[in-house]
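Trainee: fold the following for me, if possible:
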Amino acid sequence: ETWNPLKLNYQIRNVRERLAKSLVEKGVLTTEKQNFLLFDMTTHPVTDGTLKQRLVKRLQDAFLGKWVREPQRMDTRLLALTLLAHSSDVLENAFVPLADDQYELATSRSRELLELNPDAESAKPNANEMVWAVMAAFTK
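Mentor: So this is what the prediction gives:
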């Protein structure tokens, strides 16, 4: 069932927890309990802010310095990072420290990329079908 594409919606529910557990095991995140009014919630703060800063810088460079118009020419890991950051609603946070003109350029380019049709993009030559399949699942 883990790699069954027909059960992707079922698997996506558990992705966040599995990623957090893996990152805690690798020492990137820690586990803490925080009290939110009526209930306790497990949170996973970053142990070392430099890793987060490197990812933010990588996202900024992807949309400013190393921008390629065709997603097929984009680094697969960077494309996956972009799509997952967008699905997690943190992509825009990566652009906040930028100057106004850079912010506008980065957000317009990211919007351009994220508004592409995943089905059409996965059918193009040299496209990573798995990345676009995940994007299609997140946008449904």
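Trainee: C-alpha from now on. contacts and neighbour counts both.
Mentor: Fine.
Trainee: contacting residues around the closest residue to residue 125 other than its chain neighbours?
Mentor: Spatially, and ignoring its direct neighbours in sequence, residue 125 is nearest to residue 72 (7.7 Å; Cα to Cα, 6 or more residues apart in numbering). Shown in contact with residue 72 (Cα atoms under 8 Å, 6 or more residues apart in numbering): 124-128.
Trainee: and residue 72, how far from residue 29?
Mentor: 32 Å (Cα to Cα, to the nearest Å).
Trainee: what does residue 20 give?
Mentor: To residue 29, residue 20 is 7 Å away according to Cα to Cα.
Trainee: and if you look at residue 122?
Mentor: 33 Å.
Trainee: which stretches in the protein count as helices?
Mentor: Taking DSSP state H as the test, the helices found in the chain are 8-25, 49-63, 76-87, 91-95, 100-114, 118-123, 129-139.
Trainee: residues in contact with the third one?
Mentor: Read that as helix 76-87. Applying Cα under 8 Å, 6+ apart, the contact partners of helix 76-87 are 58-59, 62, 71, 91-92, 114, 128, 131, 135, 138-139.
Trainee: done for today, thanks.
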